[in-house]
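Chemist: coordinates for the following, if possible.
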Amino acid sequence: MEQSNSTTYRLLSGIEHKMEVLSCSPCLLSVNLMSMSLAVDIRRMVRYSKGLLEQWQECLPLGDWHDVNFALWGNKMWDLIGKACEVYRLNNVNINIYEFESESYRQFKELQDQIGPIDNTPLPMSNFSSAAVASILVCALRELNEVMMKINEFLNSPTEDLIKRSYDQWEACFRKHYLADCIRKYQTWKLQYTPRTLKKHLVDRRNKELETFKTLFINEDEFELVYDADQKIIDIDGLSRFLFLHAYNRFGVSYIDPRPMFSQKLQSLFTFVELWQLMQFDLQSSKKSHEKALQTINPTENKVRDLVKKVHDLASDEWSKHLADLWKRIYQEFHNEIEKAGSHEKFKEFSKKTVYCILGHLKQKGVYQKVNNVAFTIALEGDNNGMRKYINNGLTELEQSLGLRVERMIDRELAAKSA
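Modeler: Residues are numbered from 1 along each chain as shown. The predicted structure follows:
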């Protein structure tokens, strides 16, 4: 099904169509009235476009401008200026097309910006002369041209940091609004298989999901940008670059604010990323469980378990019965990072820093919530010492990629709990 026209395209097209009607006006009064109406539309379009640019500078859009070529529309403004000049010339009014911001246009903007979006009084606009109205129209078109060019330049030169920041925001929005349903359906699917048969079906489903995921891409070269076949992992960095550099208009129109709305294709993409991680984790867990079936619990795991038990009573009511299982899964997924203390850590038996950062993040998420961070630190350490900063700052104290992995894992656990 074809995408409907975007709001930006409809507004720009309306201005273009109105300009065509301008030449049909039979007298100068009619021309002035139509020109003032156009100037109102263009000024509001300028403000709307600047607002879009401000939003996009914080988070790149996906599909929001799928049908708008901003460079083309910027050039169209010059064509429309030419049409306006010709209409006024036929009515014996000359226009300086190179005037960018006349005094009359500054006055018009001040008056126009005071009028609310649903106000309909034309009185503030009624005192301009024909020459002033003509100047206002041209200056408005010049300003819209400038905004179109700024947006075009911005969208064609995103930074690596903005791409990463944008992907993180889209992913966080998906996890907040769609992840719980994704996990619930996955858990329901797993229930039909016993632990003995689950691994085989996980492998089968993983292969089928991967083939479906591949259909979202035009060719193998695109697919290779986002999937590491050797490691069998989704390349999140590659996926974010692909989305915002090559496929910003391929997955339908989606929004984060003010009301989150993901297109079906974009939901499918993020759902696959989460499903893949869930299936990989279950496959690894199955393998580890088999390998360690006859082994005792890792001594370090016992020490970590004893440490986090010190704050067990500080957990929220809904989590108090689930903490042991939660920490078992956390340790299982991040045991390499937890078991090795950093070179600057005084405590060497394991990385208290990593454990405390995870505890701090869990506290921020409401898993622990009954006391402030000082009391929380005292419960762990026996006194209020420098380790409190890891509780205070949470995952921001960890290396960025590790912090992101922990955040995603915790988000999955929280979503699974609420599913």
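
Chemist: surely residue 64 meets residue 5?
Modeler: No: applying C-beta atoms under 8 Å, one finds residue 64 not in contact with residue 5, separated by 12.0 Å. C-beta: built from backbone N, CA, C; applies to glycine.

Chemist: neighbour-wise, which of these two wins?
Modeler: Using other C-beta atoms under 10 Å, the more surrounded residue of residue 64 and residue 5 is residue 64, with 18 against 14.

Chemist: can you confirm the more buried one is in a helix?
Modeler: No: counting by DSSP: H, G, I helix; E, B strand; the rest coil, residue 64 is not part of a helix but coil.

Chemist: any idea how far residue 365 is from it?
Modeler: Counting by C-beta to C-beta, to the nearest Å, the separation of residue 64 from residue 365 is 30 Å.

Chemist: kindly report the same for residue 414.
Modeler: Distance from residue 414 to residue 365, by C-beta to C-beta: 6 Å.

Chemist: who has more neighbours out of these two?
Modeler: residue 414 (21 against 17).

Chemist: mind checking the pLDDT average for the one helix or strand the more buried one maps to?
Modeler: Element membership of residue 414 [criterion: DSSP states H and E] is helix 400-418. Averaging pLDDT along helix 400-418 gives 88.

Chemist: then stretch 99-111?
Modeler: 87.

Chemist: all further residue positions should be reported with the first residue as 296.
Modeler: Sounds good: first residue 296 from here, last item stretch 394-406.

Chemist: contacts for it next, please.
Modeler: Contact partners of stretch 394-406, identified using C-beta atoms under 8 Å, 6 or more residues apart in numbering, comprise 334, 338, 419-420, 423, 427-428, 430-431, 433-435, 437-438.

Chemist: count the neighbours of residue 381 for me.
Modeler: Neighbourhood size, residue 381 [other C-beta under 10 Å]: 12.

Chemist: ok, now residue 338?
Modeler: So residue 338, with other C-beta under 10 Å, has 22 neighbours.

Chemist: same question for residue 678.
Modeler: 9.

Chemist: which of the helices or strands spans it?
Modeler: Per DSSP H and E, there is no helix or strand for residue 678.

Chemist: next, it: phi, psi?
Modeler: Per-residue torsions, residue 678: phi -150, psi 170 (degrees, to the nearest 10).

Chemist: same check on residue 445?
Modeler: phi -60, psi -40.

Chemist: apart from its neighbours in sequence, what residue is nearest it?
Modeler: residue 348 (6.5 Å; C-beta to C-beta, 6 or more residues apart in numbering).

Chemist: counting by contacts, list what the helix holding residue 709 packs against.
Modeler: If you count contacts as 3 or more C-beta pairs under 8 Å, 6 or more residues apart in numbering; DSSP states H and E, helix 695-713 packs onto helix 455-472, helix 474-485, helix 559-586, helix 618-634, helix 647-659.

Chemist: ok, the closest residue to residue 527 other than its chain neighbours - contacts?
Modeler: Distance criterion C-beta to C-beta, 6+ apart; nearest residue to residue 527, sequence neighbours excluded, is residue 575 at 7.5 Å. Counting by C-beta under 8 Å, 6+ apart, residue 575 touches 501, 527, 528.

Chemist: just the buried residues of the helix or strand that contains the first one, please?
Modeler: Per DSSP H and E: residue 501 is located in helix 490-509. Counting neighbours by 16 or more other C-beta atoms under 10 Å, one finds that the buried residues in helix 490-509 are 493, 494, 497, 501, 505, 508.

Chemist: any chance of the residues you listed in TSV, with pLDDT and distance to residue 473 too?
Modeler: As requested, these are exported to TSV (pLDDT from 0 to 100; distance: C-beta to C-beta, whole Å):
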residue	pLDDT	distance to residue 473
493	91	24
494	91	27
497	94	22
501	93	20
505	94	20
508	93	16
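
Chemist: could these go into CSV alongside distance to residue 463?
Modeler: Below are these laid out as CSV (distance: C-beta to C-beta, whole Å):
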residue, distance to residue 463
493, 32
494, 32
497, 28
501, 25
505, 24
508, 21
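
Chemist: among those residues, which one lies nearest to residue 461?
Modeler: Residue 461 lies nearest to residue 508 out of those, by C-beta to C-beta, at 21.0 Å.

Chemist: measure that closest one to residue 485 for me?
Modeler: Distance from residue 508 to residue 485, by C-beta to C-beta: 20 Å.

Chemist: all the helices of the stretch 296-445 of the chain, residue numbers only.
Modeler: 302-317, 323-353, 365-385, 398-409, 425-450 (DSSP state H, counting those that start in this stretch).

Chemist: for the shortest one, list every residue counted as buried.
Modeler: So that's helix 398-409. Quick answer for helix 398-409 (16+ other C-beta under 10 Å): 399, 400, 403, 404, 407.

Chemist: now the last one
Modeler: Taking 16+ other C-beta under 10 Å as the basis for neighbour counts, the residues of helix 425-450 that come out buried are 425, 427-440, 442-444, 446-447, 450.

Chemist: how about the second one?
Modeler: The neighbour-count check on helix 323-353 (16+ other C-beta under 10 Å) flags 323, 326-327, 329-341, 344, 347, 351 as buried.

Chemist: middle-most residue in the chain, spatially?
Modeler: Among the residues of the chain, the one closest to the centroid is residue 465, at 2.6 Å (C-alpha atoms, centre = their mean).

Chemist: residue contacts, the residue lying closest to residue 365 once chain neighbours are set aside?
Modeler: In space, and not counting its chain neighbours, residue 365 is closest to residue 447: 3.7 Å by C-beta to C-beta, 6+ apart. Contact analysis of residue 447 by C-beta under 8 Å, 6+ apart lists 365, 366, 369.

Chemist: just the pLDDT for the closest residue in space to residue 680 that isn't next to it in sequence.
Modeler: In space, and not counting its chain neighbours, residue 680 is closest to residue 672: 7.0 Å by C-beta to C-beta, 6+ apart. With respect to pLDDT, residue 672 scores 94.

Chemist: tell me if I am right that residue 672 is in a helix.
Modeler: Yes: assessed with three-state DSSP, residue 672 lies in a helix.

Chemist: you'd agree it is up against residue 681?
Modeler: No: counting by C-beta under 8 Å, residue 672 does not reach residue 681; the two are 9.2 Å apart.

Chemist: looking at those two, which is more packed in?
Modeler: Ranked by neighbour count (other C-beta under 10 Å), residue 672 and residue 681 place residue 672 first, with 25 against 9.

Chemist: the more buried one and residue 544, how far apart?
Modeler: Counting by C-beta to C-beta - residue 672 and residue 544 are separated by 49 Å.
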